[in-house]
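Undergrad: Here is the input, now give the coordinates:
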Amino acid sequence: MKKLIALLICVLFLPQLAGAVDTAAESLMQVEPESGKTFADFLWMMIAGFMVFFMQAGFALVEAGFTRAKNVANIMMKNMMDFCLGSLIFWAVGFSFMYGDSIGSFIGFSNFFLSDAVSATGTINAWSYADWFFQAVFAATAATIISGAMAERTNFIGYLVYTVFITGLIYPIVGHWIWGGGWLSSLGFHDFAGSTVVHSVGAWAGLVGTMILGPRIGRFLEGKAVPIKGHSVALGTLGVFILWFGWFGFNPGSTLGADVSFARIAVTTNLAAAAGATVVMFLAWFHSGKPDLGYTLNGALAGLVAITAPCAVVSPGSSIIIGAVGGIVMYFGTFLLEKAKVDDPVGAVPVHGLAGAWGTLSVGLFAQAPYTTDFTGLFFGGGVSQLGTQIIGIVAVFVWTVVTSFIVFKLIDMVIGLRVDEETEITGLDKNEHGTVAYPEFLGIEDTALEPALMKAKKKAQSIAEGKEEIMMETPSINISPSLT
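TA: Residues are numbered from 1 along each chain as shown. Predicted coordinates:
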């Protein structure tokens, strides 16, 4: 009987189900006439963009976990506002400078406020919105990297001003050079998803900012580096896992459409992160005698940053080498910065800057067929041509970012003040900059709602101590309810 019922259901509903599947398939392949993109392209682009947006939460948790409890609200506020303010600025001018009609292969200059998304005849180019959203979350990533490098002593207003410049000018111009048809693109420079465009720009700007700020109070004493421990390895670890997840939108999403290569790119991305974390764990274990969690977490991030440029043009085996070397570069780069007395609380510069430069360079070493037919890396018989182009791009972006960031930070420092005063830094930015704290009980701050009750209890205790009031011992009464029958 059951078999008969199942057969009857199949006969009745299978044609409808097949029709629904065919309709869904047709919808996925439906082409938007203005852009030539299918619905599947739109779907993958937007899902990847949502994943990259979620990386903001990852950055916030990593930065909060690696810094002290008294500055957590400030960290969260900066991560919140660099996305909010960055989105508005990137919509108004940043996207135009990055992808507008090129002026001298240096800067774009059209489509301000996404004005080209709707034509004069009223036709909507829907892809413009998908493209803008995906690029906007990338711009926010570049901005939030700076937050970590300059954590725990930066004036909040000064940080907001700089966010305007990084998302509205500095990052978009680099993006135009490489992704918007600019001069580096014409040279053949390759950065698939942003080791240099996104990560190095954020890191080099953060390096300039932290050098102008100077180290945190107590970070270097008598010429020696003094560790300032973060308050929560749990938050830091959770943040790294969120970033790792988001990177599957960051790198595979940079196919900019529903291309089957995104599966392979996800594999190279994952392997590089795993290699970076594993190698750094053993390196720290050998160096310090303990498998250090903080370095291991940053090792995973360094592997992810390193593979971001070459992820589409290298083999899975090469991705492991690239990620491992990225982790090593990050590890020794951290000690190099300490030697130079540069205070980077979360390791943003070695993770995003040094590992990003290495990853960009690795394109000229490990690129190979059949993953790319445009060029081949040195290690696979391609010569030094592509390697030379990659070096030119790395140096050009470094110089541009350092010079422009220095000018902006110096102006902010002169006009507004880039660093908070000593008292604010010692007592915490949360309380002084934002009038709140992340952990009031943990920091010994009483709940103001309980103040009347606390005052009453204190007065009663004082009266008892002075013998003005007797201590009444009450016998608790036990009320046994009759059982329900």
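
Undergrad: any chance you could map the helices in the stretch 251-400 of the chain?
TA: Secondary structure of the stretch 251-400 of the chain by DSSP state H, counting those that start in this stretch: the helices cover 261-288, 293-308, 316-339, 348, 355-366, 385-415.

Undergrad: Could I get the ones you listed in CSV, plus columns for distance to Leu378?
TA: Where you see a C-beta, it was placed from the backbone N, CA and C, and this is true even at glycine. Compiled in CSV, those are given as follows (distance: least, Cβ to Cβ, whole Å):
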stretch, distance to Leu378
helix 261-288, 19
helix 293-308, 17
helix 316-339, 12
helix 348, 29
helix 355-366, 5
helix 385-415, 5
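
Undergrad: which stretch among these comes nearest Asp131?
TA: helix 261-288 (16.8 Å; Cβ to Cβ).

Undergrad: residues of the closest one that come out buried?
TA: 262, 264-266, 268-281, 283-284 (16 or more other Cβ atoms under 10 Å).

Undergrad: quick one on the thing from earlier: need the helices of the stretch 251-400 of the chain in a markdown table (columns: mean pLDDT and distance to Lys229).
TA: Listed next are those as a markdown table, based on pLDDT from 0 to 100; distance: least, Cβ to Cβ, whole Å:
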| stretch | mean pLDDT | distance to Lys229 |
| --- | --- | --- |
| helix 261-288 | 97 | 14 |
| helix 293-308 | 98 | 9 |
| helix 316-339 | 98 | 15 |
| helix 348 | 97 | 17 |
| helix 355-366 | 98 | 23 |
| helix 385-415 | 98 | 27 |
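
Undergrad: Indicate which one of those is closest to Val208.
TA: helix 385-415 (4.2 Å).

Undergrad: which residues does the closest residue to Ile322 other than its chain neighbours contact?
TA: Distance criterion Cβ to Cβ, 6 or more residues apart in numbering; nearest residue to Ile322, sequence neighbours excluded, is Ser362 at 4.8 Å. By Cβ atoms under 8 Å, 6 or more residues apart in numbering, Ser362 lies in contact with Ala306, Ala309, Pro310, Val314, Ser318, Ile322, Val325, Gly377.

Undergrad: Check the gap between Phe53 and Gly246 for me.
TA: When distance is defined by Cβ to Cβ, to the nearest Å, Phe53 is 8 Å away from Gly246.

Undergrad: Settle it for me: which of the two has more neighbours?
TA: Under the criterion of other Cβ atoms under 10 Å, the comparison of Phe53 against Gly246 puts Gly246 first, with 25 against 19.

Undergrad: tell me the contacts of the more buried one?
TA: Met51, Val52, Phe54, Met55, Gly58.

Undergrad: Just the buried residues from those, in PyMOL please.
TA: Those of the contacts of Gly246 that count as buried under 16+ other Cβ under 10 Å are selected in PyMOL with:
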select buried, resi 51+52+55+58
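
Undergrad: What about the closest residue to Ile157 other than its chain neighbours, how many residues nearby?
TA: Among residues not flanking Ile157 along the chain, Ile416 sits closest, at 5.7 Å (Cβ to Cβ, 6+ apart). Using other Cβ under 10 Å, the number of residues around Ile416 comes to 13.

Undergrad: same question, the one 5 residues further on
TA: Taking other Cβ under 10 Å as the neighbour definition, Asp421 ends up with a count of 11.

Undergrad: cool, and the one 4 residues further on?
TA: Glu425: 19 surrounding residues under other Cβ under 10 Å.

Undergrad: so it is in which element?
TA: Taking DSSP states H and E as the criterion, Glu425 maps to helix 422-427.

Undergrad: who touches that helix?
TA: Lys70, Glu152, Arg153, Arg216, Ile217, Arg419, Asn432, Glu433.

Undergrad: show me what contacts the closest residue to the first one other than its chain neighbours?
TA: The shortest distance from Lys70 to any non-neighbouring residue, by Cβ to Cβ, 6+ apart, is to Gly428 (2.9 Å). Taking Cβ under 8 Å, 6+ apart as the criterion, Gly428 is in contact with Arg68, Lys70, Asn71, Val437, Leu443.

Undergrad: before we move on, what about His352?
TA: Ile145, His199, Ser200, Gly202, Ala203, Gly206, Leu301, Val305.

Undergrad: again, but for Arg219
TA: Ala225, Val226, Ile228, Asp343.

Undergrad: between those, which has the most around it?
TA: Asp343 (23 neighbours).

Undergrad: Over to that residue: give its phi and psi.
TA: phi -100, psi 100 (degrees, to the nearest 10).

Undergrad: Verify the stated contact: it with Gly218.
TA: No: here Asp343 lies out of contact with Gly218, judged by Cβ atoms under 8 Å, at a distance of 10.1 Å.

Undergrad: quick one: Val161 is in a helix?
TA: Yes: secondary structure of Val161 (DSSP: H, G, I helix; E, B strand; the rest coil): part of a helix.

Undergrad: Look up how far Arg419 lies from the closest residue in space to it that isn't next to it in sequence.
TA: The shortest distance from Val161 to any non-neighbouring residue, by Cβ to Cβ, 6+ apart, is to Ile412 (5.4 Å). Note on Ile412: its distance to Arg419, by Cβ to Cβ, is 10 Å.

Undergrad: ditto for Gly249
TA: 35 Å.

Undergrad: do Ala117 as well
TA: From Ala117 to Arg419 the distance is 41 Å (Cβ to Cβ).

Undergrad: Can you point out the buried residues in stretch 107-118?
TA: Those would be Ile107, Gly108, Asn111, Leu114, Ala117, for stretch 107-118 by 16+ other Cβ under 10 Å.

Undergrad: The strand or helix carrying Val208: what's the following helix or strand?
TA: In the assignment (DSSP H and E), Val208 maps to helix 201-213. Moving toward the C-terminus from helix 201-213, the next helix or strand (DSSP H and E) is strand 220-221.

Undergrad: pLDDT of the following helix or strand past that next one, averaged?
TA: Downstream of strand 220-221, the first helix or strand assigned by DSSP H and E is strand 224-225. For strand 224-225, the mean per-residue pLDDT is 92.

Undergrad: Strand 224-225 packs against which elements?
TA: With contacts taken as 3 or more Cβ pairs under 8 Å, 6 or more residues apart in numbering; DSSP states H and E, strand 224-225 sits against no other helix or strand.

Undergrad: Can you tell me the strand partners of that strand and which way each runs?
TA: If you go by DSSP bridges, strand 224-225 pairs up with strand 220-221 (antiparallel).
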